[in-house]
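S.K.: Here is a sequence with its predicted model. Questions after.
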Amino acid sequence: MNAIEFILAGMLAAATPFLLAALGELVAERAGVLNLGVEGLMALGAVLAFIVVYHGGGHFLGFIVAGLGSAALSLLFAFVTLGFRANQVAAGLAIGILGQGLSALFGKTYESLTVKGLPKLALPALSELPVVGGLFVQDIVVWISLVATLALWAILAYTKLGLIVRAVGENPKAAHAIGYSVISVRILAIAFGGAMAGFAGAYAAVVYTPLWADGMIAGRGWIAIALVVFGTWLTGRIFLGACLFGAVSLMGLAAQATGLDVPSQLLSSLPYLVTIIVLGIISADRRLLKLNGVASLGEPFER
């Protein structure tokens, strides 16, 4: 397997934690809520899933517990920001730090332990194609993530539920005036975002790299938040961005495998360097951000 085949084969799996967390953050931001605690929510989901799977609960139960745990922590963020109208940036950072602290606390006794991952599922015929065949050999969570991406795109673009979420984010006072509960919609959006972050952390801990190490999320939550801006709040672009960052995260390993004489620290920093460059390019286009941005993002709602 050459470097290109290696990157293509692992790109979707590497992109899945970014994608799941970014989709959850997309829904929250579409509803007008900026949650910067994704990193901590992912870390909490990761440790909860690892503990469940390590003690024989199975991957399905591990993902459920991770989603519920991270959703519960995100509801604390909702309580502070929607109930007391606290600053969303400060509250999100606090929740992120809390999630990382809980992750370190719960995972202390599991350091360096491993669990069994999930088997790969290959699509007949497509998986036999030269060069790109590895794209079609993935675990079940990757396939579910792709379906979830399509489903979320359809819901936000073509259903009444998606219209309500977008209305609450664009003009909460108008949505309230026609009878929709802005607070309830935002609470559910925050909980959904928390659950998706938990799923993303679970995937990272028990499927993608099935071992526990403190700090294993390693900035993926921040990249997921950046992905929402990178994708200009559009599901398809977020998916493409997740694939880009997944590929970039594998380039370091591919370069090392080919014997390229580049410091490993520089290769490890590639995803974050790409994040900075891409955000700089996107932010320079004010028209694009204004066209697809969320009008009331980060603003508290007052009846």
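M.R.: Cool, got the structure.

S.K.: just checking, residue 141 touches residue 206?
M.R.: No: with contact defined as CB atoms under 8 Å, residue 141 and residue 206 do not form a contacting pair (9.6 Å). The way it works is simple: take the backbone N, C-alpha and C, and place the C-beta from them, glycine included.

S.K.: and those two? which has more neighbours close in?
M.R.: Regarding residue 141 and residue 206, a neighbour count based on other CB atoms under 10 Å identifies residue 206 as having more, with 29 against 22.

S.K.: Could you look up the SS state of the more buried one?
M.R.: With DSSP: H, G, I helix; E, B strand; the rest coil as the basis, the three-state label of residue 206 is helix.

S.K.: which residues does it contact?
M.R.: Taking CB atoms under 8 Å, 6 or more residues apart in numbering as the contact definition, residue 206 lies against 49-50, 53, 59, 62, 115, 117.

S.K.: switch the cut-off to 10 Å
M.R.: Contact partners of residue 206, counting by CB atoms under 10 Å, 6 or more residues apart in numbering, are 46, 49-54, 58-59, 62-63, 66, 114-118, 141, 212.

S.K.: Please apply the same query to residue 23.
M.R.: Contacts were defined as CB under 10 Å, 6+ apart; by that measure residue 23 touches 145, 148-149, 151-153, 192-193, 196-197, 199-200, 224, 227-228, 235, 238-239, 242.

S.K.: Could you do residue 171 as well?
M.R.: Shown here is residue 171, whose contacts under the criterion CB under 10 Å, 6+ apart are 32, 177, 182, 295-296.

S.K.: out of these, which are buried?
M.R.: Using 16 or more other CB atoms under 10 Å as the burial test, these include 32, 182, 296 as buried.

S.K.: Now do the last one against residue 302, distance only.
M.R.: Using CB to CB, to the nearest Å, we find residue 296 at a distance of 11 Å from residue 302.

S.K.: returning to what we had before: list the residues that contact both of residue 141 and residue 206?
M.R.: Listed as contacting both residue 141 and residue 206 by CB under 10 Å, 6+ apart are 59, 63, 118.

S.K.: from these, which is closest to residue 163?
M.R.: When the shared contacts of residue 141 and residue 206 are compared for distance to residue 163 (CB to CB), residue 63 comes out closest, at 29.3 Å.

S.K.: still on that earlier bit, most neighbours among the shared contacts of residue 141 and residue 206, which one?
M.R.: Of the shared contacts of residue 141 and residue 206, with other CB under 10 Å as the count, residue 63 tops at 25 neighbours.

S.K.: which secondary structure element contains that residue?
M.R.: Taking DSSP states H and E as the definition, one finds residue 63 inside helix 59-78.

S.K.: Could I get the full set of helices for the stretch 101-250 of the chain?
M.R.: Counting by DSSP state H, counting those that start in this stretch, the stretch 101-250 of the chain forms helices over residues 140-158, 160-170, 172-177, 182-203, 220-230, 235-257, given from the N-terminal end onward.

S.K.: now for the ones you listed, which one comes closest to residue 89?
M.R.: Between residue 89 and these, the shortest gap by CB to CB is with helix 220-230, which sits at 11.4 Å.

S.K.: If I take that closest one and helix 182-203, what angle do their directions form?
M.R.: Angle between the axes of helix 220-230 and helix 182-203 is 130 degrees (criterion: axes from the mean of the first three to the mean of the last three CA atoms, to 10 degrees).

S.K.: chain center to helix 220-230, what's the gap?
M.R.: In terms of CA atoms, centre = their mean, to the nearest Å, the centre of helix 220-230 is found 8 Å from the chain centre.
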